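> just a sequence and a predicted model for now, questions to come.
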Amino acid sequence: MNMRVCAVQTEPYGALSGRQRGHLALRAASGLLVLLFGSAATAAPVRTALDNGLKVCIAEDDATDTVALAILVRATADCEPDDKAGLRIVVQHALQAGLSERLESDPGLGGLLDAEDSGGGASFSSEWEYVWLGYEGMSQTLPDALPVLATALFRPQISEAHFAAAREQVLAAVEGPVSAPAASTMGLFRLALLGRASRAYPLGTPGTINGLTLGDATAFHRRYYVPALSTVAVVGPVDAAQTQALIARCLGDLPAGDANLPPAPPTLTRPDVHVAANARLSPGSDQHMDIASLVVGVPAPGLGDPDEGVTHVIHALLAGGTEGGRLERDDHLWQSLGFPSHEGGRRRNFVESLQPPTSQRGHLAIHAYAAPRQAETVREALLKQFDDLRAHGAQAGELATAKDRTIGALTSPYDLPSNRALLMGRACLLGEADSTGRSLIQQVAEVTVEDVQRVARAWFGVHAVGLELPEP
């Protein structure tokens, strides 16, 4: 079968804005306009909605010969009960298996959805606030591809075999080697910060995955994969009216479903500036570790917040680039780790500012490895980074560099139609006014020294800690 079908986990494994990093400087106003608004060949997105509540966003773009499609479903991490953490990822993999089987059983679909000819294909993925199915191919394939993809997403028959294979696939990922050493400690941190196992462990745990049933998967799909919680976004050389009619034919007869979502549990209380700092600690142990692993972090403005851009800039201040950020320049922090001096020059291997999540419940976090006896000293040194931002904000020079770096990272993916379709769909799904992502870039461009300190004072008065120590 020629069509490429794959499952891709994004958040928390890498936010869209962090997949491709550039170093585009913010220059003249004319250059910024091109950066933000693109070429004249791209029309403004057209937003509509079907009678069943399905949101539709279409952007005509004659500058490309491929069409990109993103179908997003508002199945968030909070939709899973804590004892069923990982359920939505298992459902995602089961849907992928169903689509793959459909394509393999129908040779006629090979030419229609040929990844080699189109350079595209279909991919399932998930973020904290939604799951989605993306497709990219030659523009003439859309009328035939959309019905196939819509059926796979909204009208599947999840078989026992597909469910069992999906559960085993996710379980293998949970129990297998951790690709990012900080991942398990990050889970402890999120558990401390957010108080939900489904938010802490998006793939679930061995216990929750083993406890899932086909009935759980079917019920989850029936409840959340509905038009009232979904958006279809299309970018490419298409006619908006004709594409709208195509989407209506494919999906307009689906029942609307329930548009309500479970209430999100509260995060750490965002304090007034005068409230003393306090922390939640989520400890763990690992028999394979001989050093301590800890994550210290704070709540921060998240997806869609007017100060979301400040969060990204503060991350850049801490992380730095080739010239190094605050963490790399902090000699006291480095000395507190308790490692021999010959390890110098490899600081980023031991201390790292973690990419802010693509989530409405934002945070900033720093991961560090340390000698076990130094864990508390390192916690204090990491917390001092956030306290310094509350007390002093940022210097003008380092702020300008951080903003340039952030704009480059946020801008580089926008050239790809598939990413633009995802951004458009996300904006429609979450009720954001901006369908292009440019408002976040504008936020970043306008961040001031005062903004950094204001946000730090408003949000960083509490912190959470995830800590793993070697087993005795």
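Ah, there it is.

> you'd agree Ser125 is in a strand?
Yes. According to DSSP: H, G, I helix; E, B strand; the rest coil, Ser125 belongs to a strand.

> now do the strands in the stretch 51-200 of the chain.
Listed in chain order, the strands of the stretch 51-200 of the chain (DSSP state E, counting those that start in this stretch) span 55-60, 66-73, 121-126, 131-138.

> and of those, who's closest to Gln442?
Using CB to CB as the measure, strand 55-60 is the one of the strands of the stretch 51-200 of the chain that comes nearest Gln442, at 18.9 Å. C-betas here are computed from N, CA, C, even on glycine.

> by contact count, what packs against that closest one?
Where contact means 3 or more CB pairs under 8 Å, 6 or more residues apart in numbering; DSSP states H and E, strand 55-60 is packed against strand 46-49, strand 230-236, helix 240-251, helix 417-430.

> the closest residue to His392 other than its chain neighbours: what's it in contact with?
Once its chain neighbours are removed from consideration, His392 has its nearest residue in Gln453; the separation is 7.1 Å (CB to CB, 6 or more residues apart in numbering). For Gln453, the set of contacting residues under the criterion of CB atoms under 8 Å, 6 or more residues apart in numbering consists of 389-390, 392-394.

> mark which of these are buried, thanks.
Among the contacts of Gln453, the ones that count as buried by 16 or more other CB atoms under 10 Å are 389-390, 393-394.

> widest-spaced pair of the residues you listed?
Arg390 and Ala394 (11.4 Å).

> now the residue nearest to His392: how far from Ala400?
16 Å (CB to CB, to the nearest Å).

> now swap in Arg379 and tell me
Taking CB to CB as the measure, Arg379 and Ala400 are separated by 31 Å.

> can you list the domain ranges for the chain.
Recorded structural domains for the chain (assignment: automatic domain parsing) are 5-14+35-251, 278-470.

> turn those domains into CSV, columns for mean pLDDT and distance to Gly257.
Conversion of those to CSV gives the following (pLDDT from 0 to 100; distance: least, CB to CB, whole Å):
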stretch, mean pLDDT, distance to Gly257
domain 5-14+35-251, 85, 2
domain 278-470, 85, 14
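
> make JSON lines from these and add distance to Ala259 to it.
Converted to JSON lines, the domains of the chain look like this (distance: least, CB to CB, whole Å):
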{"stretch": "domain 5-14+35-251", "distance to Ala259": "4"}
{"stretch": "domain 278-470", "distance to Ala259": "12"}
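
> which one of those lies closest to Leu261?
Across the domains of the chain, Leu261 has its closest neighbour in domain 5-14+35-251 (6.6 Å, CB to CB).

> how deep is the residue nearest to Pro263 when sequence neighbours are not counted tucked in, by neighbour count?
Once its chain neighbours are removed from consideration, Pro263 has its nearest residue in Asp78; the separation is 7.8 Å (CB to CB, 6+ apart). Using other CB atoms under 10 Å, Asp78 is surrounded by 18 other residues.

> fine by me, thanks again.
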